[in-house]
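In: what follows is a protein structure lacking sequence information:
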């Protein structure tokens, strides 16, 4: 009996496979620019983050070239209809972090201890030092967010937030993309983190929630800028 393993492919892989076929069939020729991200999302019935992650996968395969500030262009490499699963993408992780970490921050504003505020100030200083290094690891950034999750005094939130950061650092799709945008000068916003800290120091839950939402929104917009003007 000839049976095949059933695979539950990630959505961005299915999108990347369709786009590979489009290129392979001559729908978009080498040197030509891809349609706008918004148009692709509508035609394929998926979210814009999914389109971005499909593009990252195609870039890793060498099928397309992303020219920052210009757009996405097809290379001369012959596309394969098989796309390797390279893990969860950065935009999906940012999307769930926006939901979880903003509420964690609001809880933390009501429950954070003086000792944890001291730890956050230290983490922020470490982030400032990391920014001076060419090979910044963003460990201090993770530490900052982990302290806030712990300050929510909810062990489930704490584990989920740290798990999301582990996913971010284990996924090839995510780590490769983050390395690329760091080379372009895109780094965690120190000012965003200062605003989060200020809201927590004032123990203002709503300001803390908004500060975290704005921070992750800004991080998403900065990352999306990698794909050119059509991604805005």
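Out: Cool, got the structure. Computed from a predicted structure; not experimentally measured.
In: do you know how far residue 35 is from residue 43?
Out: For residue 35, the distance to residue 43 (C-beta to C-beta, to the nearest Å) stands at 8 Å. Any C-beta I mention is one placed from the backbone N, CA and C, and that applies to glycine too.
In: and the nearest residue to residue 76 once chain neighbours are set aside, how many neighbours?
Out: For residue 76, the nearest residue in space outside its immediate sequence neighbours is residue 30; the separation is 4.5 Å by C-beta to C-beta, 6 or more residues apart in numbering. By the criterion of other C-beta atoms under 10 Å, residue 30 has 13 neighbours.
In: please shift the residue numbers so they start at 440 in all later answers.
Out: With the count now opening at 440, the last piece we talked about shows up as residue 469.
In: which residues touch residue 469?
Out: Each residue near residue 469 by C-beta atoms under 8 Å, 6 or more residues apart in numbering is listed here: 513-515.
In: that one: what secondary structure?
Out: Using DSSP: H, G, I helix; E, B strand; the rest coil, the three-state assignment for residue 469 comes out as coil.
In: quick check: it vs residue 639, distance?
Out: Distance, residue 469 to residue 639, using C-beta to C-beta: 51 Å.
In: gap between the residue sitting nearest the centre point of the chain and residue 567?
Out: For the chain, the residue whose C-alpha lies nearest the mean C-alpha position (C-alpha atoms, centre = their mean) is residue 529; its distance is 2.9 Å. Summarising the geometry, the distance separating residue 529 from residue 567, computed by C-beta to C-beta, is 23 Å.
In: what of residue 453?
Out: Going from residue 453 to residue 567 by C-beta to C-beta gives 42 Å.
In: turn the contacts of residue 469 into JSON lines, columns for distance to residue 635 and pLDDT.
Out: Below are the contacts of residue 469 laid out as JSON lines (distance: C-beta to C-beta, whole Å; pLDDT from 0 to 100):
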{"residue": "513", "distance to residue 635": "41", "pLDDT": "92"}
{"residue": "514", "distance to residue 635": "40", "pLDDT": "90"}
{"residue": "515", "distance to residue 635": "46", "pLDDT": "82"}
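In: just the helices in the chain please.
Out: Across the chain, reading from the start of the chain, the helices by DSSP state H fall at 450-463, 476-483, 487-499, 529-550, 553-569, 578-590, 594-609, 611-622, 629-640, 644-663.
In: and the ones you listed as JSON lines, adding distance to residue 509 and mean pLDDT?
Out: As requested, those are arranged in JSON lines below (distance: least, C-beta to C-beta, whole Å; pLDDT from 0 to 100):
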{"stretch": "helix 450-463", "distance to residue 509": "18", "mean pLDDT": "90"}
{"stretch": "helix 476-483", "distance to residue 509": "13", "mean pLDDT": "92"}
{"stretch": "helix 487-499", "distance to residue 509": "14", "mean pLDDT": "92"}
{"stretch": "helix 529-550", "distance to residue 509": "20", "mean pLDDT": "97"}
{"stretch": "helix 553-569", "distance to residue 509": "30", "mean pLDDT": "95"}
{"stretch": "helix 578-590", "distance to residue 509": "29", "mean pLDDT": "97"}
{"stretch": "helix 594-609", "distance to residue 509": "27", "mean pLDDT": "96"}
{"stretch": "helix 611-622", "distance to residue 509": "15", "mean pLDDT": "87"}
{"stretch": "helix 629-640", "distance to residue 509": "27", "mean pLDDT": "97"}
{"stretch": "helix 644-663", "distance to residue 509": "14", "mean pLDDT": "96"}
